[in-house]
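Q: Pasted the sequence and its predicted model underneath.
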Amino acid sequence: MKLYIKYMVSLRCKMVVKDALNDLGLHHTMIELGTVEILENLTENQKEKLKKILLLSGLELMDDKKAMLIEKIKNVIIEMVHYTDEMPKVNYSDYISEKLGQDYTNMSKIFSEVKGITIEQFIIFHKIEKVKELLLYDELTLTQISYILNYSSVAHLSRQFKKVTGLTPSYFKQLQVKRRNLDSI
C-alpha cells in the first residue's frame, strides 16, 4: 500500500516516518520524500494513529488526489534541486513529467490553481535557495554555481537572484561575511 505524506522533505522526516511505522508495527518496503510503501493495508484505527503521530512532527498523511499530486511535484523539484549533484540537462517539464509519469500540462494547471504560483516559479525559488546555500559555504565561484544549477550564464543567475531576493549574489555574500564578523565580536 502506498501512502503520501505532506511536508516530508528531509532525511529527518524520513526517520520520523520510519519510527512512526515501527511504533504501529507496520513494515515498509520503501521510504522516499513524500511517499511510503508498506506491506500491510491500514485499518482505520492505524490510519488515525499514524495521522496523529505524523501531525506531532509537522507531517500530514494525505488523502486528497490533488494534494498528493502537488506534494509529489514539490518533492521531485526539491530532490532535483537540493539532493542531486547536478541539475538534469533536459527541460524541467520533461524531467518532472517523466519522473511522475503524468502529462506536464495537467500537472502544471493543477499546481498553479492550488499553490498560486507556477511550477517554474517554484523551481526558481528553490534554485535561488540553493544558490544562497552554496554562496554561504564559500567553496564555489558564482560561475561554478551557475554551471551546477544549469543556468545559461552567470548573468542569468544574477538576474534571477536579484529578482527573487532583491540583492545581487555578491552583495548577499558580503552581508553574510559582515554578519559572521559581527558574530565573532
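A: Good, I have the coordinates. Residues are numbered from 1 along each chain as shown.
Q: if I look at Ser146, how far off is His82?
A: According to C-beta to C-beta, to the nearest Å, Ser146 stands 17 Å off from His82. From N, CA and C alone the C-beta is placed, and that goes for glycine too.
Q: With neighbour numbers in mind, choose between the two.
A: The neighbour comparison of Ser146 against His82 (other C-beta atoms under 10 Å) goes to Ser146, with 21 against 15.
Q: Spell out the residue ranges of the helices in this structure.
A: 11-23, 44-56, 65-82, 92-100, 104-115, 119-137, 142-148, 154-165, 169-183 (DSSP state H).
Q: same for the second one, what does it pack against?
A: For helix 44-56, the helices and strands in contact under the criterion 3 or more C-beta pairs under 8 Å, 6 or more residues apart in numbering; DSSP states H and E are helix 11-23, strand 60-61.
Q: average pLDDT for the shortest one?
A: The one in question is strand 60-61. Strand 60-61 shows an average pLDDT of 88 in the prediction.
Q: Send me stretch 7-25 as CSV with only the CA atoms.
A: Backbone C-alpha positions of stretch 7-25 (Å, rounded to 0.1, in the frame of the first residue of the first chain) are rendered in CSV as follows:
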residue,chain,number,x,y,z
TYR,A,7,5.9,18.2,4.2
MET,A,8,8.2,15.2,4.1
VAL,A,9,11.2,17.0,2.6
SER,A,10,14.3,15.8,4.5
LEU,A,11,16.2,12.9,5.8
ARG,A,12,14.9,13.8,9.3
CYS,A,13,11.3,13.5,8.1
LYS,A,14,12.1,10.0,6.7
MET,A,15,13.4,9.0,10.1
VAL,A,16,10.2,10.3,11.8
VAL,A,17,8.0,8.3,9.4
LYS,A,18,10.1,5.2,9.8
ASP,A,19,9.8,5.4,13.6
ALA,A,20,6.0,6.0,13.4
LEU,A,21,5.6,3.0,11.2
ASN,A,22,7.7,0.8,13.5
ASP,A,23,5.6,2.1,16.5
LEU,A,24,2.5,0.9,14.8
GLY,A,25,4.0,-2.5,13.8
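Q: How about residues contacting it?
A: Applying C-beta atoms under 8 Å, 6 or more residues apart in numbering, the contact partners of stretch 7-25 are 5, 27-28, 31-34, 36, 38, 46, 49-50, 53-54, 57-60, 74-75, 78.
Q: Sort out which residues of that stretch are buried, please.
A: 8-9, 13-14, 16-17, 20-21, 24 (16 or more other C-beta atoms under 10 Å).
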